[in-house]
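kindly return the folded structure for what I paste below:
(chains A and B)
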Amino acid sequence: MNKLIEGRVFKFGDNINSDIIIPGRYLIHIDPDTLAAHAFEVLGDDYPERLRGFDILAAGRNFGCGSAREQAATALIGLGFRAVVAVSFARTFYRNAINAGLPIAECPALVEAVSEGDAVSIDLEAGAARAGDAVYEFPRVPGSVRRILEAGGLAAYLKAHHRE
Amino acid sequence: MGMTIAEKILARTSGSSSVSPGQIVDAFPDLVMSHTATWRSVDVMERVGATKLHDPDRIAIVLDHIAPAKTEKHAADQQRSREFARKYGIRKFYDVDAGIAHLVLMEAGHVAPGDLIVGTDSHCTIYGSLGALGTGIGYTEVASVWLTGKLWMKVPRTTRIDLSGRFGPGVYAKDLMLHLIGRLGADGCTYESVEFYGAPMSEMSVSERMTMTNLAMEMGVKCAFTPPDAKTEAYLAERLDGRAYAGIAADADAVFSRTVDVDLAALDPMVACPSQVDNVRAVGEVAGTRLDQVFLGSCANAKYEDLAVAARILDGKTIDPGVRFIITPGSRRIMLEAMRTGVLQTLIESGGTLTNPGCGACAGDGGVMADGEVSLSTANRNFLGRMGSRESRIYLSSPATAAASALTGVISDPREIV
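Below is the predicted model of the structure:
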């Protein structure tokens, strides 16, 4: 996992549920590219193409609420997002993102400050995000859990560390 | 300092004498459930290169979504899950005939007060109806628990919900929960545990408690509890094979982060409107909304009591010819009971279409909606496109409101249909 993530922001509002991120009929897939091809398609014909070319997703409250489907995190990875910053996350999405190796941060002030296309950098090690001249701090993922993220996700972590 | 039910369960399963909110523990679940997602966990296990399970007896598998298979892909995925269960000697394996995982596991006696249960479904919170801490996780994490027996968990704060009064006629546990979701919001209890108390709890049936702890998920909870009592013990008396019944309760000096009061007598039948669970109105505000489909199903409201409530309203009557009324019993056992008592006969004679037990239309398996269509569902989610076209709309209600509305073809107040 890269500890410094830089790129352009795409912005969503509150309560983006996991049925919107990836509809249930595509859960027969687990491959990021296949999932990405259908991500957010309920929002209109211009999705998911409208989301391509961005690096960081900024969202409002309760991002990823609803179904515990892990593919909500995988689909975002398939779309090319390298981190998600939200005002708050639903707990199932929070866990799934860590287990998929997708960095996340709860940082309301950053979300409020940025607009679509803005350049943002996120320093996971420092727990700080930068947009323009402003720096926004956020709570880092707890140390024991960060190891999973740093391994690139739970499957990679298990492959490296699990001994039978 | 005293502990709440969630704190007690996380202390026991992590080998700690006490835990407090915010603390992260390594907990060893008593049961890990996976449903139709099982093959994905099998896939993870193979990619990791692992071949040994921590404890096959702590694993339960129920094939409930998209069951029976409707495409070759589904069939191959289910075959992979079956072969895994056979190869590793998973005795708590239930195939496509059984019904919705949550209901099947509780009926079979695999859920007891004080248990910690994780599974590939957000509505695992329903196990709190029997005093167990149930919470949803993804399929990779299920594979991890299969292999290691444990997972990290953050100890949640606990909100106490105090109930008073009695439901008026036509008002049920579903209406209470829709009221709470509307009042507290879809993230009103994010990462929290919820415990329900108050005089009405002793009268609340186990079926209603299941609806409560299931719907609590839609406020963002990690887990929810209706504290075990005589009703819980009676429900489990003939089910817990080989395990003695033992209740669990919060300590008298347990610390709750806040208390929310609800007077049941003040509640109307409630409806969640498109396309957010917390977009909740009293039924009168949306009465008259034209419907194309009514769905009586899901882990929230397709238990025997739910079907019986609908049958009482529909007895001897015929539904509106413009409505497709889909009935999906929650489990095989529920379907058999409803068959024996004549509830199914009443529902089918009224014009209903019976499907096999399982998740059904709630998960988009059958009963898919076309552009512009409107559905009233007894399930727990009304998200955009969940039941088909993104141009379709879903309302959520109790079985009574659903049955009354099937009769008239428009959203209707069950108190006005007698």
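
show me where chain A dips below the pLDDT cut-off.
A:1-2 (pLDDT under 70).

I misspoke; the intended subject was chain B.
Confidence mapping of chain B against pLDDT under 70 gives the ranges B:418.

skipping adjacent residues, who's closest to B:Val302 in space?
Slight slip there: residue B:302 is Ala, not Val. Excluding its sequence neighbours, the residue lying closest to B:Ala302 (Cβ to Cβ, 6 or more residues apart in numbering or on different chains) is B:Gly330, at 3.8 Å. Where C-beta positions appear, they are placed from N, C-alpha and C, glycine not excepted.

does that neighbour really touch B:Leu105, like I thought?
No. With contacts defined as Cβ atoms under 8 Å, B:Gly330 does not count as touching B:Leu105, sitting 11.8 Å away.

on that earlier part again, can you give me the neighbour number for the residue nearest to B:Ala302?
B:Gly330 sits with 30 neighbouring residues when counted by other Cβ atoms under 10 Å in any protein chain shown.

toward the C-terminus, what is the element adjacent to whichever strand or helix holds B:Met335?
According to DSSP states H and E, B:Met335 maps onto helix B:332-340. The first helix or strand that comes after helix B:332-340 along the chain, using DSSP H and E, is helix B:343-349.

give the buried residues for that next one.
Neighbour-count burial for helix B:343-349 flags B:343-344, B:346-347 (criterion: 16 or more other Cβ atoms under 10 Å in any protein chain shown).

which of those residues sits closest to chain A?
The nearest member of these to chain A, counting by Cβ to the nearest Cβ, is B:Leu347 at 25.9 Å.

wait, doesn't the closest one sit right on B:Ile313?
No. With contact taken as Cβ under 8 Å, B:Leu347 and B:Ile313 are classed as non-touching, separated by 10.1 Å.

check contacts around residue 32.
Picked chain A for this. Contact partners of A:Pro32, counting by Cβ atoms under 8 Å, 6 or more residues apart in numbering or on different chains, are A:74-75, A:77-78.

let's do chain B instead
B:Val32 touches B:58-60, B:117-119, B:142, B:145-146, counting by Cβ under 8 Å, 6+ apart.

can you report how many residues neighbour A:Leu27?
Quick note: A:Leu27 (other Cβ under 10 Å) scores 23 neighbours.

same check on B:Lys52?
Quick note: B:Lys52 (other Cβ under 10 Å) scores 11 neighbours.

contacts only, for it.
Under the criterion of Cβ under 8 Å, 6+ apart, the neighbours of B:Lys52 are A:164, B:147.

what does residue 63 show for phi and psi?
Just going to use chain A. For A:Phe63, the backbone dihedrals are phi -70, psi 130 (criterion: degrees, to the nearest 10).

ok, for it, nearest residue in space, not its chain neighbours?
Once chain neighbours are set aside, the closest to A:Phe63 by Cβ to Cβ, 6+ apart is A:Ala86, at 4.1 Å.

surely the one you found is in contact with A:Ala59?
Yes. Look at A:Ala86 against A:Ala59 with Cβ under 8 Å: they come within range, at 4.3 Å.

who touches both of the two?
Any residue near both A:Ala86 and A:Ala59 by Cβ under 8 Å, 6+ apart counts here, and that gives A:Val111.

neighbour count: these two, which is higher?
The residue with more neighbours, out of A:Ala86 and A:Ala59, is A:Ala86; 26 against 22, by other Cβ under 10 Å.

list the contacts of the strand or helix carrying B:Phe196.
Assigned by DSSP H and E, B:Phe196 belongs to strand B:193-197. Residues from elsewhere that reach strand B:193-197, judged by Cβ under 8 Å, 6+ apart: B:4-6, B:133, B:156-163, B:209, B:212, B:216, B:219, B:221-227, B:250, B:256.

picking up where we left off before, gap between the residue nearest to B:Ala302 and B:Val271?
Using Cβ to Cβ, to the nearest Å, B:Gly330 is found at 21 Å from B:Val271.
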